[in-house]
Every structure is written in structure tokens, then in C-alpha cells.
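Asker: just coords:
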Ligand code: 2IT
């Protein structure tokens with residue numbers, strides 16, 4: 001490994017010893033960049049990698065809210081504005097019990113590279129709170145969102161930082177957040193958030209975009225191998241918005257998603273999540289707030305495996321779409337033992353680094369990285385910003401066409417970047433290199449800071 005790259009990784013390891021997820025993503029991304037750094041001494045001279053692994057700004061704030069019984073609760077809110085070199089900060093908000101600075105920083109770092117890959121002018125950010133939405137009433141969610149935005153609004157804006165959803169933050173939460181921003185500022189700036197409802201500036205296809213984009217990217221990988229998606233079986237984890245978009249598009253293209261998972265276990269449906277009724281039921285399960293996938297098995301007579309993950313199932317394609325570190329070394333060994341050729345990451349950092357290394361080094365396995373595969377979500381968010389600033393609304397077909405073109409391009413530039421450095425068809429290294437280059441060039445041209 002390049003000595004400068006190694007020194008930066010070591011610095012991050014030491015400095016962020018209490019934030020292992022952040023260290024994990026830095027190790028993964030930077031280890032791809034050795035050949036680029038070898039070829040560009042000017043990056044070392046400008047100390048670009050130490051600068052890129054330090055967030056531009058990390059904001060944390062108190063969020064106090066009152067529950068339906070009048071009891072007062074205190075949470076912590078975060079916004080990490082990681083890198084603004086190529087555009088206003090952009091990235092989701094995650095409301096989940098386990099949120100702490102290490103999660104927000106890992107997501108902000110990933111987002112910087114992902115947003116660069118979309119080809120659109122958006123910088124990287126992430127935010128959220130350790131608030132647990134499970135079992136909260138609608139009124140409690142609203143009060144929490146209002147309190148959260150009351151603290152956050154002074155740091156964001158359509159040309160400053162544009163948050164969106166992530167785990168625990170969907171259309172309902174974005175609505176409450178936007179309402180509070182409008183109350184506080186007294187302006188119609190709907191470009192300040194994306195993932196909005198279509199009645200106040202949301203983009204068509206945004207809810208579907210991450211899942212659709214993942215399937216479009218998968219199509220490019222399959223085409224590279226001379227195969228088609230029709231008739232393929234897919235093991236998906238998660239049952240949220242992203243898994244839903246995957247199921248919907250897979251169904252249209254004749255592929256079968258045979259597993260979904262939740263914190264309670266996974267379901268196996270040999271017929272696939274392949275009817276309108278089943279796909280729509282996923283939305284109901286999510287909206288119920290129960291956070292259980294067993295409900296699907298009960299309703300449709302599918303098999304339920306309590307406490308297990310779906311990675312031992314024999315399928316054509318694996319698509320982890322739940323959360324970070326969902327696939328560990330044991331899961332990776334099962335995937336390899338089942339001779340599965342396509343390992344397509346969807347959730348942010350769904351694979352532990354040792355599992356990722358094993359999969360990447362196994363002959364006959366093609367690994368596609370989440371920062372490329374799931375970029376269609378934030379990509380359509382950027383299209384939502386464009387529509388808001390132009391004060392118009394694109395048709396479903398227009399958005400979908402842009403999304404398809406974006407995913408094809410992300411696959412192409414990733415494959416080309418890997419090829420340029422003699423790495424072959426290495427989509428993981430290629431995405432890291434292609435995402436890095438644009439941000440690096442922008443930072444160099446903007447001077448030392
Ligand atoms: O991880 C992600 O890319 C998101 N949660 C979406 C971010 C966005 O700004 O749409």
C-alpha cells in the first residue's frame with residue numbers, strides 16, 4: 001500500500017478509535033486509492049487525504065420533546081457536513097436508537113463519494129438522532145421532528161445543506177420537518193429538503209429511486225456478463241423503502257425477490273414478492289411501526305426463520321438492503337459455498353471489511369459497492385432540487401429516464417476508472433476512484449483549507 005495512504009489510515013484509526021464504523025469506511029475507501037495516489041504526488045503535497053477524512057463541520061444539538069403523557073424526553077441531534085467541495089451538502093437523516101457520531105460520520109464520508117458518482121453537483125453530509133421511532137404515535141413523531149428542525153434550521157438551506165430521509169425518516173417525517181422550517185423562516189424554500197410529498201414539491205419516482213436504481217445498476221452488471229435479469233432469484237434483506245423499490249422493479253422485469261428480513265428474522269417466499277398485493281403490503285408493514293417481517297409470512301403463508309439472516313439461501317443474486325454490517329465473514333462464506341455469482345450491496349456499508357475482502361478475492365464472485373448501487377436515491381434527490389429551483393415538475397417518465405441514464409453512467413465510469421489503473425472489472429475500487437477524483441480536483445482547485 002502507498003505509504004501516504006497508510007499513514008492517513010493509521011491517523012484515522014488512532015484518532016477515531018471510539019468510532020469504529022467511521023474507521024471501517026475510511027479503511028475500505030482509502031485502500032482503493034493507492035494506485036491513484038502513486039500517480040498523483042500533488043495530492044500528497046496538498047495533504048488531500050487527511051483533509052478528506054476530516055469532516056468540514058460536525059454539529060450536534062439537544063432535541064427535547066414531550067410524549068403523549070406529558071413526559072419530557074431528551075435526545076441528541078447531529079448534522080455532519082462532511083465535504084462541500086462539489087456542491088451544497090446533501091444527505092439523509094437517520095432516526096434510530098443506535099445513532100452516534102461514528103454512524104453519522106461513516107454515512108457522511110460514504111455520501112461524499114456517492115454524491116460525486118451521481119455526476120451532479122452535491123456535496124456529502126449526513127445527520128440524524130438517537131431518537132427511536134418504534135412505537136411512537138404520530139403526534140409524538142411530529143413534535144420530535146418540530147423540535148429537531150428548530151435546532152437544525154439555522155445550519156441548512158437550498159444552497160447550503162439539503163437533508164433527506166434515511167432509516168426512520170420517510171415522507172411523513174420530511175413533511176413535519178419541512179412544515180417547521182417554513183414556520184421558522186417564513187419563506188417558501190422547498191429546495192431545503194428532498195423526499196417531500198408531491199403536493200409541495202416532491203419528485204415523482206423519489207420513493208422508488210434507490211430500489212429502481214439498484215436494479216438498473218444490476219442490469220449493467222448482468223449485461224457485462226452476457227446475462228439477463230429475467231427469471232433470476234434475488235435474496236434481499238430489509239423490508240423498508242429500498243427493498244420495496246427493488247421488489248417493484250424486479251417484478252416488472254421478471255425476477256423474483258424470495259427473501260426479506262427484519263430485526264425479528266427473515267421470510268422465504270419461493271413464489272417471490274411478485275404481486276401488487278405483496279409489494280403494497282410491504283408499505284403497510286413499514287407504516288405499522290411494528291418493525292416485524294414475520295407479518296408477511298403470516299399473511300402470505302411464506303416460511304419464517306426467527307432470528308436469522310437470509311444469506312444461507314441458494315439464489316442467483318444477493319442484495320443486502322437493510323443496514324450496515326449485515327453481512328459478516330460467516331455469511332460471506334455461506335454465499336461463496338452456494339456459488340452465488342452476484343453480490344450487489346445496496347444498504348450503506350452492508351458488508352464487514354473482512355467479508356468484503358473475502359468476496360472480492362473469490363474467483364467467480366462479482367461485487368458491486370453500495371455507494372454506486374444505491375446512488376440513484378440521492379441522484380433523484382438532486383433532480384428534485386433541480387425541479388424545485390426551476391419551479392416545475394417533471395413527469396414520471398422524465399425522472400425515470402434520467403435515473404436509468406445516471407445508473408448506466410455510474411457503472412461505466414466505475415468500470416473505466418478500475419480499468420485505467422489496471423484493476424480489471426473491479427467495481428468496488430472503480431467507484432472509490434471515480435468518486436474520489438472529482439472531489440479531489442475540486443478541492444485542489446479551491447485552495448488549501
Ligand atoms: O444514503 C442515502 O443516499 C440517502 N439516505 C438519501 C440521501 C438523499 O439526500 O436523498
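Answerer: Cool, the structure landed. Computed from a predicted structure; not experimentally measured.

Asker: from memory residue 305 sits against residue 262, does it?
Answerer: No - between residue 305 and residue 262 there is no contact under C-beta atoms under 8 Å: 11.2 Å. C-beta: built from backbone N, CA, C; applies to glycine.

Asker: who has more neighbours, these two?
Answerer: More neighbours surround residue 262 than the other of residue 305 and residue 262, with 22 against 19 (other C-beta atoms under 10 Å).

Asker: dump the residue contacts of the closest residue in space to the more buried one that isn't next to it in sequence.
Answerer: In this structure, residue 262 finds its nearest non-sequential neighbour in residue 293, 3.4 Å apart by C-beta to C-beta, 6 or more residues apart in numbering. With contact taken as C-beta atoms under 8 Å, 6 or more residues apart in numbering, residue 293 is in contact with 239, 260, 261, 262, 264, 265, 266, 267, 285, 304.

Asker: rerun at 10 Å
Answerer: 237-239, 243, 259-267, 282, 285, 302, 304-305 (C-beta atoms under 10 Å, 6 or more residues apart in numbering).

Asker: List buried residues within those residues.
Answerer: 237-239, 243, 259-262, 264-267, 282, 285, 302, 304-305 (16 or more other C-beta atoms under 10 Å).

Asker: mind listing the helices for the stretch 151-300 of the chain?
Answerer: With DSSP state H, counting those that start in this stretch, the ranges of helices along the stretch 151-300 of the chain come out as 171-185, 206-224, 241-252, 276-287, 294-300.

Asker: mind checking which of those is nearest residue 418?
Answerer: Among the helices of the stretch 151-300 of the chain, the nearest to residue 418 by C-beta to C-beta is helix 206-224 (12.1 Å).

Asker: before we move on, the earlier item: strands - which of the contacts of residue 293 land there?
Answerer: 237, 259, 260, 261, 262, 265, 266, 267, 304, 305 (DSSP state E).

Asker: Which members of the residues you listed are the farthest-apart pair?
Answerer: Across the ones in strands among the contacts of residue 293, the longest distance by C-beta to C-beta is 14.3 Å; it joins 237 and 304.

Asker: Quick check, central residue of the chain?
Answerer: Here the mean C-alpha position of the chain is nearest to the C-alpha of residue 348 (C-alpha atoms, centre = their mean), at a distance of 4.4 Å.

Asker: hang on, that residue in a helix?
Answerer: No - using DSSP: H, G, I helix; E, B strand; the rest coil, the secondary structure at residue 348 is coil, not a helix.

Asker: Name the residues of stretch 314-331 that are buried.
Answerer: Neighbour count says stretch 314-331 has 315-327, 331 buried, by 16+ other C-beta under 10 Å.

Asker: same thing with stretch 346-361?
Answerer: Judged by neighbour count (16+ other C-beta under 10 Å), stretch 346-361 contains these buried residues: 346-353, 355-360.

Asker: Centre of the chain to that stretch, how far?
Answerer: Per C-alpha atoms, centre = their mean, to the nearest Å, the displacement of stretch 346-361 from the mean C-alpha position of its chain is 15 Å.

Asker: got it, and stretch 126-135?
Answerer: The answer for stretch 126-135 is 16 Å, by C-alpha atoms, centre = their mean.

Asker: what does the average pLDDT come to for that stretch?
Answerer: Stretch 126-135 carries an average pLDDT of 97.

Asker: is that stretch up against the ligand anywhere?
Answerer: No - residues of stretch 126-135 are not located near the ligand by C-beta under 6 Å from any ligand atom, the shortest gap being 7.6 Å.

Asker: so how far does that stretch reach from one end to the other?
Answerer: Using C-alpha to C-alpha, to the nearest Å, the end-to-end distance of stretch 126-135 comes out at 24 Å.

Asker: Next to the ligand, which bits of this protein? Give me the list.
Answerer: Counting by C-beta under 6 Å from any ligand atom, the chain comes close to the ligand at 90, 91, 92, 111, 114, 164, 166, 194, 348, 377, 378, 381.

Asker: Follow the chain on from the one helix or strand the fourth one maps to and name the next helix or strand.
Answerer: Same thing as residue 111. Taking DSSP states H and E as the definition, residue 111 sits inside helix 101-117. Sequence-wise, the next helix or strand downstream of helix 101-117 (DSSP H and E) is strand 123-129.

Asker: Can you give the strand pairings for that next one, parallel or anti for each?
Answerer: strand 72-83 (antiparallel), strand 89-95 (parallel) (DSSP bridges).

Asker: among these, which is the most enclosed?
Answerer: strand 89-95 (a mean of 28; mean count of other C-beta atoms under 10 Å).

Asker: Look up how far residue 129 lies from the nearest residue to residue 73 once chain neighbours are set aside.
Answerer: Ranked by C-beta to C-beta, 6+ apart and with sequence neighbours excluded, the top spatial neighbour of residue 73 is residue 65, at 5.7 Å. The gap separating residue 65 from residue 129 is 10 Å, by C-beta to C-beta, to the nearest Å.

Asker: Number of residues surrounding the nearest residue to residue 246 once chain neighbours are set aside?
Answerer: In space, and not counting its chain neighbours, residue 246 is closest to residue 211: 4.1 Å by C-beta to C-beta, 6+ apart. Look at residue 211: counted by other C-beta under 10 Å, it has 27 neighbours.

Asker: Please read off the pLDDT at residue 211 from the model.
Answerer: On the pLDDT scale, residue 211 gets 98.

Asker: Let me see the contact set for the residue of the stretch 51-200 of the chain found nearest the ligand.
Answerer: Residue nearest to the ligand within the stretch 51-200 of the chain: residue 92 (2.9 Å; C-beta to the nearest ligand atom). By C-beta under 10 Å, 6+ apart, the contact list for residue 92 reads 107, 111, 125-128, 163-169, 174, 194-195, 348, 377-378, 381.

Asker: Beta-bridge partners for it, please?
Answerer: With DSSP bridges applied, residue 92 shows beta-bridge pairing to residue 164.

Asker: Quick check: it vs residue 160, distance?
Answerer: Relative to residue 160, residue 92 is positioned 16 Å away (C-beta to C-beta).

Asker: Brilliant, that's me finished.
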